[in-house]
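Visitor: 3D, please:
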Amino acid sequence: CIACTRIMEQLSAFILSKDSETHLPEILNALSTVSDEILIIESGITGKSESFAGNFEKARVIYKEFGNFRDQRTFATDCCMHDMVLFVDSDEIPDDNFLKSIHELKQSSFEHDAYTVSRKWNVLGKNVHCMYPVTSPDNPVKLFRKSRVSFSSSNLVHESPKGYRSVGRLGGSINHITMRTKEELKSKLESYTNFASHDLILKRKKVNRFNMLFSPVGAFFKWYFFRGGYKDGYIGLILGGYSYQYTLRKYLKAKKLLINDSSPSDSKSIS
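Guide: Below is the predicted model of the structure:
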């Protein structure tokens, strides 16, 4: 009824994009069924997001040069008009049950500060059991109240909302279709480890020969054997190597950053 519609709490949604075109139209179509506003935070240059957004009355594009994931999400959250914020990336496709769950919450009420959802990972064209540093499915927060929750204290990469006092559960799931080719996997390995190396320093983690020698080996065994990567066949072996390379490179890059930093307090962290 009209009276009920007027009291429903409105919802903003945002999508981080960098010249994304493969799944963006499908994601926009899905979010348009539950969102009162959709922001595409674009860090690319092709302008295709504009043409996609033009098909949806609720959607608009905001351009922002990419610095890191945390700051990009913080910027997007600040730009959202409504207090309840839903966010997905340009390779995360919500299913119908997920959308139905959000629609039902809008009709009743958002009782919690944040809501998690099951997210299934598809890497190199295969549904996998794990992808460093998460198992699949994982359960990230994807809906939150921005007046109580923020990304301000999160990592630069693998960031998540912080500060919520209560958390609920959304139905359905999100299909995360990422790293479709080996070239894309290599590219993301480089960019993610750049951010991860800075996170090591910011958290004042030890960067020494022991960590550089044994942590990558430990990461491979953990994610390939104990987290179930071996169940994914050849793809699982590739991702086991990814966990090794990720861990090794973040320490090597952190060490290089510390060496290049003239600060005496930082140089003491190297051994």
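Visitor: And the strands in the protein?
Guide: 11-17, 37-42, 59-63, 84-89, 92-94, 114-123, 126-127, 130-131, 134-135, 141-145, 167-178 (DSSP state E).
Visitor: Switch the ones you listed over to CSV, and while doing so, append mean pLDDT and mean neighbour count to every line.
Guide: To be clear about C-beta, it is placed using only N, CA and C from the backbone, and glycine gets the same treatment. Formatted as CSV, the strands of the chain follow (pLDDT from 0 to 100; neighbours: other CB atoms under 10 Å):
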stretch, mean pLDDT, mean neighbour count
strand 11-17, 97, 25
strand 37-42, 96, 23
strand 59-63, 95, 16
strand 84-89, 97, 23
strand 92-94, 97, 22
strand 114-123, 98, 21
strand 126-127, 98, 14
strand 130-131, 96, 25
strand 134-135, 96, 16
strand 141-145, 98, 23
strand 167-178, 98, 18
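Visitor: Turn those into CSV, including distance to residue 189.
Guide: Formatted as CSV, the strands of the chain follow (distance: least, CB to CB, whole Å):
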stretch, distance to residue 189
strand 11-17, 19
strand 37-42, 23
strand 59-63, 26
strand 84-89, 17
strand 92-94, 20
strand 114-123, 12
strand 126-127, 18
strand 130-131, 12
strand 134-135, 15
strand 141-145, 25
strand 167-178, 12
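Visitor: what's the closest of those strands to residue 228?
Guide: Closest to residue 228 of the strands of the chain is strand 130-131 (CB to CB; 5.8 Å).
Visitor: From the rest of the structure, what touches the closest one?
Guide: 121, 123, 136, 178-179, 223, 227-229, 239, 242 (CB atoms under 8 Å, 6 or more residues apart in numbering).
Visitor: same deal with stretch 166-173?
Guide: 94-102, 105, 111-120, 137, 141-143.
Visitor: let's see it at 10 Å
Guide: Identification of contacts with stretch 166-173 by CB atoms under 10 Å, 6 or more residues apart in numbering yields 86, 93-102, 104-105, 110-120, 137, 139, 141-145, 148-149, 161.
Visitor: Where does the prediction get shaky in this structure?
Guide: Where the chain drops to pLDDT under 70, the residues are 1-6, 262-271.
Visitor: so what secondary structure elements neighbour the longest helix along it?
Guide: Using DSSP state H, we find that the single longest helix of the chain is helix 233-260. Secondary-structure packing of helix 233-260 (3 or more CB pairs under 10 Å, 6 or more residues apart in numbering; DSSP states H and E): strand 114-123, strand 126-127, strand 130-131, helix 182-202, helix 209-221, helix 264-267.
Visitor: and the ones you listed, which is most packed in?
Guide: strand 130-131 (a mean of 25; mean count of other CB atoms under 10 Å).
Visitor: And that strand, how far out from the chain middle?
Guide: How far strand 130-131 lies from its chain's middle: 14 Å, per CA atoms, centre = their mean, to the nearest Å.
Visitor: before we move on, the earlier item: nearest approach to residue 38 belongs to which of the helices and strands packed on helix 233-260?
Guide: Proximity to residue 38 (CB to CB) singles out strand 114-123 among the helices and strands packed on helix 233-260, at 17.7 Å.
Visitor: Buried members of the contacts of strand 130-131 into PyMOL, please.
Guide: This is the PyMOL syntax for the buried subset of those, where burial follows 16 or more other CB atoms under 10 Å:
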select buried, resi 121+123+136+178+179+223+227+229+239+242
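Visitor: As TSV, the contacts of strand 130-131 with distance to residue 217 would be great.
Guide: Converted to TSV, the contacts of strand 130-131 look like this (distance: CB to CB, whole Å):
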residue	distance to residue 217
121	23
123	22
136	23
178	25
179	23
223	11
227	15
228	18
229	14
239	16
242	14
